[in-house]
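Trainee: how would this look folded up:
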Amino acid sequence: MERLLRTILQLSGQRNHPFARRHTRRQFAERRLRRLQGFETEITVRPVTGLIVSGSGSYDLANYESFPNAVAVPGSALPNQDLSGTGIVGSPRWTGSLNVSYTHELANRLDGYVSGEYNFRSKQYGSADDAAFGVIKYFGLANFRLGARYNEKYDLSLWINNAFNRAWFYNVSSPGITGLDYNAAPGEPRVFGATLRVKI
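Mentor: This is a model prediction of the structure:
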């Protein structure tokens, strides 16, 4: 049984998974209209004792194969638009991650460790109308952790997420025919704290 004690100092914003995707029922229905081409790769190496380096990446060319009656952008004189051959909402072309961790024995049954990770994604359409105002720009997030583990029972670490305080958005939506503005949901800013894990 593991009991987790966690203390967080949060500067601002809400906690959200940096790469969570949100879809409406409409967007799920549109999946049958899409064409996907791409690849993904993953690699892990252990160059020296205690050091692990891993990375992954993917390329996804996701377009609507046929979508002649898509919702029009707010303010348009027409109720629909043809998005055939254009990019699918919520589908960045490039995504990737790099993870590095190192563990070293400090004393008998006491190990110290440090880790860092960087995750990125290229720009993507955030709203179903593929409007320029709804594009989520490229962003990358870096997280770091420093800690010590004793006897595989106690684990104390200090961590920081979004270390460079990068401004980013995880979701953009349009209000439909009732307005001309787009609503953007900001992602988590820089957050740091400490975590103590005790196995009992």
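
Trainee: Can you report phi and psi for the residue of the chain positioned farthest from its centre?
Mentor: Here the chain reaches farthest from its C-alpha mean at Asn108, the gap being 38.0 Å by CA atoms, centre = their mean. Phi and psi for Asn108, reported as degrees, to the nearest 10, are phi -60, psi 120.

Trainee: Repeat that for the one 10 residues further on.
Mentor: Torsion angles at Tyr118 (phi, psi; degrees, to the nearest 10) stand at phi -130, psi 130.

Trainee: same question, the one 5 residues further on
Mentor: Here the main-chain torsion angles of Lys123 (degrees, to the nearest 10) amount to phi -60, psi 160.

Trainee: That one: neighbouring residues, count only.
Mentor: 14 (other CB atoms under 10 Å). C-beta: built from backbone N, CA, C; applies to glycine.

Trainee: pLDDT score for it?
Mentor: Lys123 is assigned a predicted lDDT (pLDDT) of 92.

Trainee: So it is in contact with Ile136, correct?
Mentor: Yes. Using CB atoms under 8 Å, Lys123 is in contact with Ile136, at 6.3 Å.

Trainee: Helices along the chain, start to end?
Mentor: For the chain, applying DSSP state H gives helices covering 25-29.

Trainee: Point out where the chain drops to low pLDDT.
Mentor: Scanning the chain with the threshold set as pLDDT under 70 gives 1-36, 175-180.

Trainee: all strands in it, in order from the N-terminus.
Mentor: With DSSP state E as the definition, the chain shows strands at residue ranges 2-10, 34-45, 51-64, 70-71, 80-81, 94-107, 110-121, 124-125, 135-136, 139-150, 154-161, 169-173, 183-186, 191-199.
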